[in-house]
Structure formats: structure tokens, C-alpha cells
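Engineer: With the input below, show me the fold.
(chains A, B, C, D and E)
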Amino acid sequence: MKVGKVIGNVVSTRKDEALVGFSLQVIEIQKPGTGEAESQLVAVDTVGAGVGDLVLVVMGGAARVALPHQAPVDATIVGVIDSVGVQ
Amino acid sequence: MKVGKVIGNVVSTRKDEALVGFSLQVIEIQKPGTGEAESQLVAVDTVGAGVGDLVLVVMGGAARVALPHQAPVDATIVGVIDSVGVQ
Amino acid sequence: MKVGKVIGNVVSTRKDEALVGFSLQVIEIQKPGTGEAESQLVAVDTVGAGVGDLVLVVMGGAARVALPHQAPVDATIVGVIDSVGVQ
Amino acid sequence: MKVGKVIGNVVSTRKDEALVGFSLQVIEIQKPGTGEAESQLVAVDTVGAGVGDLVLVVMGGAARVALPHQAPVDATIVGVIDSVGVQ
Amino acid sequence: MKVGKVIGNVVSTRKDEALVGFSLQVIEIQKPGTGEAESQLVAVDTVGAGVGDLVLVVMGGAARVALPHQAPVDATIVGVIDSVGVQ
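Structural biologist: Model prediction:
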């Protein structure tokens, strides 16, 4: 999984029917140890995260395991992070 | 998922039979926050996107979830993006 | 999918039995818009591509969808490209 | 698989129910031959690794093969490394 | 698939039970056309490769197709390469 910060969202009206009702958040992936920005992607939110939240993002086939129904999704927010402890 | 812009298409006559009838679009993946170009790939279009459209692209196994039949596809356009809001 | 050029092949005698009979081509992945070289990989050819051909390469689980039988393969040539049109 | 060092952990209270009980470790992926740092990710620990341990990390669908139950996980620690021998 | 050279091995006593008996080799992935080093990873050997051998490495879900039993593995050596011919 990757650590990321929610920095915005995407609005799409014309889309796959299985995506209707999903919140599509823009995530800036960060290095957990330093918070350094790495890349950006769009993830479905399943935990009620909001802009500014630090979140746990899962990618690939695992992203579909967290969804309430089958959908063409390759990145999902599966947790809001309370703290990252790196030594 | 990734945000991308449709910049062209690919024509292939000699191809896997399961690909016949699919529209193969060339996508420039962009950083949602800035529109900065990142990479390029070919994706099957399932939502009727055209050149210049900003689209939502899903990759990996999820790309096959959006198809009407099983096919060797690893990237699919699953939405046309109305707006990207990044703070 | 990615656009690539067939630049050679790999010969392997001692290999997984499920790979026997497959043609293993060396592909140079290219940026469709410019033809700029990106990376190189080995793909199984299912469409009769030859050296110098521009091809469509599928990766990941989708690479196995195009095979005649189950095999440990993560990249497959699924089309010979006639033309790439990028604006 | 990748070689990595456990450098910390992530605490998340609001998360997918299937993740409850899993230890989420921050891993610095390293080049086995030199120990050079490559990237960082979060992995579920299934072998009782601790901070400072060199571990074997599996990613993608294989990460779920090592779990006691189905969960949205794309990286799992599957071994504590005793030694890396590179010539 | 990728072309790589076996450059060493990893020893792990405390590991997932499904990994017991597998040989864990350190692979330096190389560009087939030039032999230029690209990255390093750990792969399960199923063909009896040794240090110095040039091998064919499969990654992702396909890595598990080559195994004798289900195991948390995302990279497997599926062939020893006799020659790479690149024009």
C-alpha cells in the first residue's frame, strides 16, 4: 500500500455504470518517512476521507476487494491514517 | 486510476480476434493537479471519448472488468472527465 | 497497452514446459506520439510479428488471456500496428 | 519479490474492516546487492518482523495469498531475511 | 517478461510456509539489447539456474502459474537463456 494525501476530486458524468455513486478522489502519493510528493492518481474512497486527510491507498486487484460491488477500479482508499511513525 | 487526454488512435488489422470492434485510443497520462504530461499508452474506449477529451483510465485486471467480453486488454477508458478540482 | 517495435528474439532451451512452442520476441516499447524508445521487454508473439514490426503489447494478467493455453507469461503481442495517428 | 528494511509503522483507526488486526509496517525497499534505498511502501506483516529487520516483500495479487483472510492488501512481508549473498 | 542475470541468493529461515523449499535468487534485470543493468529483485527459481546465468523472469500473477503449488510469489525464473539476438 501507499501513503497519500487527498488533494481534490474528479467529476465524471459520462462513465462506466459500475462507477456511479463512487467518490473519485485525487491523491498525491507521498513517501511515508518524509512526506515527499511522489506521484498523483485517482482513487475510489470507501472510508469517508476528505481533502487534506492522509490516507492508505491500495492498488491493483486488491483495490476491487474493498468495493461493495464489482467495478473497473485499480486504486482504493482503505484507511484514514492517524499517524506514521518512522525511525 | 489515472487522468489522461486522448491524443490519437491506433489502427491494427492483424490482431487478436477478441480486440475486433474495440476503439484503441492513444492516451497521454497527465498529473491531475497540473496537467503535466507523464507517459503515453493505448487504451480501449468504452464510453465514446474523442480526441482532446480528458478521461479516466483504469489499468491492470480492472481494465477487463469494464469490457463487454473477455479480451487481452490492460487499459480501458472508463469515464470522460467533466472537471478536476485540486486544492 | 503499449506500442513497441520488435527488435529481436530470445532463445531458451531449458524453460517452463508451458513456454515450449512460443516465440519470444524482444520489444522496444516506444512513446506512440514520437516513437521515442522507453524500455525493453520480452513478449510472446501470438500474431506472427517479425523484426521491425510495430506492435501492440499487452501486459499483466491480460497477457495470458491471449494465449492458447495457460502459461507463465506477463507480456504478449496482440496486434501488428498499421498506423498510429497522434494529433 | 523485493528486499526491504522495516523503518516504522502506520496507525489507522478508520479503515476497511478486513484490515483490523493487521500490522501495517513502513518498508524502505533496497537494492539487494548494495542496500541502496529505492522507494517506500506500507506492507502487512505476516511473520512478526520488527523495525530494523531486513525482509522479503511480495506485491500485487501474491500479497493476498499470504494473508489468513481476504483483504484489500497489495504488499505483504513474507519472510525475515537472514542474509543476502550477492557476487 | 524481463531478461536478467542471477547475481546471488537470499536466505530466510522465518518465512511463509508456502515458500519452504523454494530457491530465492537475486536477479539483476538487464536491457536485452545492451545488457545494461536496470533494477534488482528476488525471484523463485523453477529451472535450476545458477549464479551468472542469463534468465527469463516473469512477474505478477503469471509468476504463480509456474509454481508447483500456490505461494506468495510475484517473480519467477521460467527459463535459462541461451542467446539474445537483437538487431
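
Engineer: Show the contacting residues for the nearest residue to residue A:19 once chain neighbours are set aside.
Structural biologist: Leaving aside its sequence neighbours, residue A:19 sits nearest to residue A:71 (Cβ to Cβ, 6 or more residues apart in numbering or on different chains; 5.9 Å). (C-beta placed from N, C-alpha, C; glycine too.) Taking Cβ atoms under 8 Å, 6 or more residues apart in numbering or on different chains, we find residue A:71 in contact with A:16, A:18, A:19, A:22, A:44, A:64, B:62, B:65.

Engineer: which among those residues gets closest to chain D?
Structural biologist: Nearest to chain D among the contacts of residue A:71, counting by Cβ to the nearest Cβ, is residue A:64 at 8.2 Å.

Engineer: which of the residues in stretch A:40-57 are buried?
Structural biologist: Of all the residues in stretch A:40-57, those buried under the rule 16 or more other Cβ atoms under 10 Å in any protein chain shown are A:40-47, A:49, A:53-57.

Engineer: let me redo that: stretch A:26-43
Structural biologist: Those would be A:26, A:27, A:28, A:29, A:30, A:31, A:32, A:33, A:40, A:41, A:42, A:43, for stretch A:26-43 by 16+ other Cβ under 10 Å.

Engineer: For residue A:65, give its distance to residue D:73.
Structural biologist: The gap separating residue A:65 from residue D:73 is 8 Å, by Cβ to Cβ, to the nearest Å.

Engineer: Do I have it right that residue A:64 meets residue A:78?
Structural biologist: No - counting by Cβ atoms under 8 Å, residue A:64 sits too far from residue A:78 to count as a contact (11.5 Å).

Engineer: more crowded one of these two?
Structural biologist: Shown here are residue A:64 and residue A:78; by other Cβ atoms under 10 Å in any protein chain shown, residue A:78 has more neighbours (29 against 21).

Engineer: Please identify which residue in chain A comes closest to chain C.
Structural biologist: residue A:61 (8.1 Å).

Engineer: about what we covered before: in a markdown table, list the buried residues of stretch A:26-43 along with secondary structure, pLDDT and distance to residue B:9.
Structural biologist: A markdown table is the format used below for the buried residues of stretch A:26-43 (DSSP: H, G, I helix; E, B strand; the rest coil; pLDDT from 0 to 100; distance: Cβ to Cβ, whole Å):
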| residue | secondary structure | pLDDT | distance to residue B:9 |
| --- | --- | --- | --- |
| A:26 | strand | 98 | 27 |
| A:27 | strand | 98 | 29 |
| A:28 | strand | 98 | 31 |
| A:29 | strand | 98 | 30 |
| A:30 | strand | 98 | 35 |
| A:31 | coil | 97 | 37 |
| A:32 | coil | 95 | 40 |
| A:33 | coil | 83 | 42 |
| A:40 | strand | 97 | 26 |
| A:41 | strand | 98 | 24 |
| A:42 | strand | 98 | 23 |
| A:43 | strand | 98 | 28 |
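
Engineer: Report the two of the residues you listed separated the most.
Structural biologist: By the measure Cβ to Cβ, A:33 and A:42 form the most distant pair in these, at 24.5 Å.

Engineer: returning to what we had before: where helices are concerned, which of the contacts of residue A:71 count?
Structural biologist: When the contacts of residue A:71 are checked against helices (DSSP state H), the matches are A:64, B:62, B:65.

Engineer: So which of those residues is the closest to residue D:87?
Structural biologist: residue B:62 (40.1 Å).

Engineer: OK, contacts around that closest one?
Structural biologist: A:61, A:63, A:64, A:71, A:72, A:73, A:74, B:76.

Engineer: any chance of those residues in JSON lines, plus pLDDT and distance to residue B:4?
Structural biologist: Listed next are those as JSON lines, based on pLDDT from 0 to 100; distance: Cβ to Cβ, whole Å:
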{"residue": "A:61", "pLDDT": "97", "distance to residue B:4": "21"}
{"residue": "A:63", "pLDDT": "98", "distance to residue B:4": "18"}
{"residue": "A:64", "pLDDT": "98", "distance to residue B:4": "21"}
{"residue": "A:71", "pLDDT": "98", "distance to residue B:4": "19"}
{"residue": "A:72", "pLDDT": "98", "distance to residue B:4": "15"}
{"residue": "A:73", "pLDDT": "98", "distance to residue B:4": "16"}
{"residue": "A:74", "pLDDT": "98", "distance to residue B:4": "13"}
{"residue": "B:76", "pLDDT": "98", "distance to residue B:4": "12"}
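
Engineer: Now flag whichever of those residues is closest to chain E.
Structural biologist: residue A:61 (8.1 Å).

Engineer: That closest one: how many residues sit nearby?
Structural biologist: 21.

Engineer: surely it meets residue D:61?
Structural biologist: Yes - counting by Cβ under 8 Å, residue D:61 is a contact partner of residue A:61 at 5.0 Å.

Engineer: still on that earlier bit, between residue A:65 and residue D:73, who's got more neighbours?
Structural biologist: Using other Cβ under 10 Å, the more surrounded residue of residue A:65 and residue D:73 is residue D:73, with 26 against 18.

Engineer: Keep the buried residues of stretch A:40-57, but drop any that are not near chain B.
Structural biologist: A:40, A:41, A:42, A:43 (Cβ under 8 Å from any Cβ of the partner chain).

Engineer: Now residue A:10: which helix or strand?
Structural biologist: Per DSSP states H and E: residue A:10 is located in strand A:2-11.

Engineer: who's in contact with residue A:4?
Structural biologist: Going by Cβ under 8 Å, 6+ apart, the list of residues near residue A:4 reads A:27, A:28, A:29, A:30, A:41, A:43, A:54, A:55, A:57.

Engineer: try it again with 6 Å
Structural biologist: Going by Cβ atoms under 6 Å, 6 or more residues apart in numbering or on different chains, residue A:4 touches A:27, A:28, A:29, A:30, A:55, A:57.

Engineer: and of the buried residues of stretch A:26-43, the nearest to residue C:11?
Structural biologist: Minimum separation from residue C:11 among the buried residues of stretch A:26-43 (Cβ to Cβ) is found for residue A:41, which lies at 39.0 Å.

Engineer: surely the closest one meets residue A:74?
Structural biologist: No - Residue A:41 lies out of contact with residue A:74 (Cβ atoms under 6 Å); the separation is 8.7 Å.

Engineer: Residue A:45: what's it in contact with?
Structural biologist: Applying Cβ under 6 Å, 6+ apart, the residues contacting residue A:45 are A:23, A:25, A:77.

Engineer: please redo it, this time with the cut-off set to 10 Å
Structural biologist: A:6, A:9, A:22-25, A:27, A:53, A:55, A:57, A:76-78, A:80 (Cβ atoms under 10 Å, 6 or more residues apart in numbering or on different chains).
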